[in-house]
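J.: 3D model of this:
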Amino acid sequence: MKETLKKINETLKERFASDELFHDTEVAANKLGEIILFNTGVLLLAILILTMFGVFPLTIETVSVPSVQGIIEIAIVLVISRAVKGDAWWLKYLMLTGIIAIYARLDMMLTHKAWILMVLPVVFSSRYFSRKLTVYTAVLSIIAFLISAYLGATAGMIDLNIVTMEKGTQMIATGGFLGDTVKNAGVSPEMLRRNTLLYNFLPKWMIFMIAAVISANIARTGREMVIKQHEKDVSAQAIKTELDLATRIQAGTLPNIFPPFPDIKSIDLYASMKPAKAVGGDFYDFYRIDDDHLALVIADVSGKGIPAALFMMVSKLLIQNLALSNIRPSEVLKRANETICRHNEEEMFITLWLGILDLKTGKVIAANAGHEYPILKEPNKNFEVFKDKHGFVIGGMNDMTYQDYEFTMQKGSKLFLYTDGLPEAANENDELFGIERTLEALNEIKDGSCEATLRHIDMRVKEFTGNAEQFDDLTMLAIQYKG
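T.: Below is the predicted model of the structure:
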């Protein structure tokens, strides 16, 4: 027996249950149905009480039975809904059938006063975003309200506008139910039923059909919107997954093991890159050219997101390949500019600083292609901006030349490199972090390690920007020469 019932349930569920996509929507609609039923129960109770005190011109016998039955039915449906926590495939059918039955009782008592009750169930059914369910509700409503109109013609609140009487007929109120007065005037129940169906139910039916068509259209449109939103969510999740993968790939292209050269005791080096989006256009790099020379690179690609990240990866490899050719930084930038300008249909560009550090002497040969000024700290002094020679950005114009310049890092000197995402970090008042705050933060930890220095700067930037959205990539590199 259990197996048979289980098979029947599975068959019915397969045929009538909503798609899994609409599960949450259906549960939310069931919750709304609970609210509607509860308020309807309050309304039935109010009608019963008002009739007892003579506010409504109905007999207590006419109201008490359907009101009490309706309240009991509401209680049963609410208990069942609470028992299954509003989550059962069949609950929507029970909910809508119960609402229709209860509203039909109300319509029977207040025949010409409660015409809007016929519309409410079909309008509510559209909340499930199922056109089939709305059609089911519409058909059931027509049958139920046709019956209620037929019974209410003689038992409910009669509309005198539909009563046909012979000329000269006088109506004498007897103090009882209005229907009794009408009947005492010689009006037959058959005439009341005919006129009620013709002049009361038929206009309600016409209004109902308009509401039913609108509700079916709302259900269909709502269903399409849910499906489209789901497709967007799936697409967005796919994009997010791809961006997460791109982020990991990009992070993997940057040196991220520190200390990077455990065998080189003459330097302390640390770097970080925090993209404004999942992937960014900033990059840093460092690598040995030979046993005695270390290349240091920091760059900022125009734009943000995936295009900037792709351009960044191509540029990073190009710069590295040229720098490993053991040519001067100015020549590296010149050749990189020529190569990029030949294949730059999107007209993107890079600001870049490249320096070659002699690990034995501390001498640095560098060239700057439109990048931020480096910040240098000499032994026993504060960090200060080093205004070096600037060349034009890479990728901006062909046939550009760049100039080398030199400086020497003494034992204990520190070099701090960064992208414009640091000084241009903005708070909620659109104030910029700026170079002055950068120098102040650097000098607060001027004797700390390179890692501690970058973490301190990052903390100061977070304190300054607060809840403001990060607008630009933030990349930093610090190196200390220990001699």
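J.: name the helix or strand for the residue lying closest to G483 once chain neighbours are set aside, please.
T.: Among residues not flanking G483 along the chain, K411 sits closest, at 3.4 Å (CB to CB, 6 or more residues apart in numbering). The way it works is simple: take the backbone N, C-alpha and C, and place the C-beta from them, glycine included. Secondary structure assignment for K411, by DSSP states H and E: no helix or strand.
J.: thinking K411 is in contact with N380, fair?
T.: No: using CB atoms under 8 Å, K411 is not in contact with N380, being 10.9 Å away.
J.: from I218, how far off is the residue nearest to G483?
T.: Distance of K411 to I218, computed by CB to CB, to the nearest Å: 78 Å.
J.: okay, those two: which has more neighbours?
T.: I218 (17 against 11; other CB atoms under 10 Å).
J.: give me the phi and psi angles of the more buried one.
T.: With angles defined as degrees, to the nearest 10, I218 sits at phi -60, psi -40.
J.: so what's the residue lying closest to it once chain neighbours are set aside up against?
T.: In this structure, I218 finds its nearest non-sequential neighbour in S126, 4.2 Å apart by CB to CB, 6+ apart. By CB atoms under 8 Å, 6 or more residues apart in numbering, S126 lies in contact with T134, S215, A216, I218, A219, G222.
J.: let me have these in JSON lines, extended by pLDDT.
T.: Output for those, formatted as JSON lines (pLDDT from 0 to 100):
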{"residue": "T134", "pLDDT": "93"}
{"residue": "S215", "pLDDT": "92"}
{"residue": "A216", "pLDDT": "91"}
{"residue": "I218", "pLDDT": "92"}
{"residue": "A219", "pLDDT": "91"}
{"residue": "G222", "pLDDT": "89"}
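J.: of the residues you listed, just say which sits nearest to V301.
T.: Nearest to V301, judged by CB to CB, of those is G222 at 44.3 Å.
J.: for that closest one, list the residues it contacts.
T.: S126, R127, F129.
J.: okay, strands next: where are they in the protein?
T.: 267-274, 282-290, 293-301, 350-358, 363-369, 375-377, 383-385, 390-391, 405-408, 413-418, 474-481 (DSSP state E).
J.: next, the angle from the fourth one to strand 267-274.
T.: Yep, that's strand 350-358 we're talking about. Counting by axes from the mean of the first three to the mean of the last three CA atoms, to 10 degrees, strand 350-358 lies at 170 degrees to strand 267-274.
J.: let me know the average pLDDT across strand 350-358.
T.: Average pLDDT, strand 350-358: 97.
J.: what's the angle from it to strand 282-290?
T.: Angle of strand 350-358 versus strand 282-290, following the same axes, to 10 degrees, is 30 degrees.
J.: would you mind pulling up the elements that strand 350-358 packs against?
T.: strand 293-301, helix 305-323, helix 329-342, strand 363-369 (3 or more CB pairs under 8 Å, 6 or more residues apart in numbering; DSSP states H and E).
J.: do you know which of these lies nearest E231?
T.: Within the helices and strands packed on strand 350-358, the stretch nearest E231 is helix 305-323; the backing value is 21.5 Å (CB to CB).
J.: chain center to stretch 300-320, what's the gap?
T.: Relative to the chain's own centre, stretch 300-320 is displaced by 30 Å; criterion: CA atoms, centre = their mean, to the nearest Å.
J.: show me where pLDDT drops low in the stretch 1-150 of the chain?
T.: Counting by pLDDT under 70, the stretch 1-150 of the chain has low-confidence residues at 1-18, 56-59, 61-62, 111-115.
J.: report the backbone C-alpha coordinates of stretch 45-59 in CSV.
T.: The C-alpha coordinates for stretch 45-59 follow below in CSV (Å, rounded to 0.1, in the frame of the first residue of the first chain):
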residue,chain,number,x,y,z
LEU,A,45,-15.1,36.6,12.4
ALA,A,46,-15.8,40.3,12.0
ILE,A,47,-18.8,39.7,9.7
LEU,A,48,-20.2,37.2,12.2
ILE,A,49,-19.8,39.6,15.1
LEU,A,50,-21.3,42.6,13.2
THR,A,51,-24.3,40.5,12.1
MET,A,52,-24.9,39.5,15.7
PHE,A,53,-25.1,43.2,16.6
GLY,A,54,-27.4,44.0,13.7
VAL,A,55,-24.9,46.0,11.6
PHE,A,56,-25.4,43.7,8.6
PRO,A,57,-29.0,43.1,7.4
LEU,A,58,-28.5,39.3,7.5
THR,A,59,-29.9,36.7,9.7
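J.: next one: that stretch to chain centre, how far?
T.: Relative to its chain's centre, stretch 45-59 lies at 50 Å (CA atoms, centre = their mean).
J.: also stretch 266-282?
T.: Relative to the mean C-alpha coordinate of its chain, stretch 266-282 is positioned 29 Å out (CA atoms, centre = their mean).
J.: do stretch 195-205 as well
T.: 48 Å.
J.: buried residues in that stretch, which are they?
T.: By neighbour count on 16 or more other CB atoms under 10 Å, the buried set for stretch 195-205 is N195, T196, L197, N200, F201, K204, W205.
J.: just stretch 208-226 next, same as before
T.: Neighbour counts over stretch 208-226 (16+ other CB under 10 Å) mark F208, A211, A212, S215, A216, I218, A219, G222, R223, V226 as buried.
J.: just the closest of those residues to L417, please.
T.: Nearest to L417 among the buried residues of stretch 208-226 is V226, at 50.7 Å by CB to CB.
J.: take the contacts of S126 and keep only those in helices.
T.: T134, S215, A216, I218, A219, G222 (DSSP state H).
J.: residue contacts, the second one?
T.: I take that to be S215. If you count contacts by CB under 8 Å, 6+ apart, S215 has them with V122, V123, S125, S126, T134, A138.
J.: quick check: the last one touching V123?
T.: In this case it means A138. No: proximity of A138 to V123 does not meet the contact threshold set by CB under 8 Å, at 10.5 Å.
J.: looking at these two, which is more packed in?
T.: A138 (19 against 16).
J.: do you know how far that one is from F208?
T.: From A138 to F208 the distance is 8 Å (CB to CB).
J.: please apply the same query to M108.
T.: 16 Å.
J.: then D87?
T.: With distances taken as CB to CB, D87 is found 30 Å from F208.
J.: tell me how the protein divides into domains.
T.: Annotated domains of the chain cover 19-164+173-228, 249-481 [automatic domain parsing].
J.: let's have the ones you listed in CSV, adding distance to I239.
T.: Below are the domains of the chain laid out as CSV (distance: least, CB to CB, whole Å):
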stretch, distance to I239
domain 19-164+173-228, 16
domain 249-481, 9
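J.: which one of these lies closest to V234?
T.: Here domain 19-164+173-228 is closest among those (CB to CB), at 10.5 Å.
J.: quick one: end-to-end distance for that closest one.
T.: For domain 19-164+173-228, the first-to-last residue distance is 14 Å (CA to CA, to the nearest Å).
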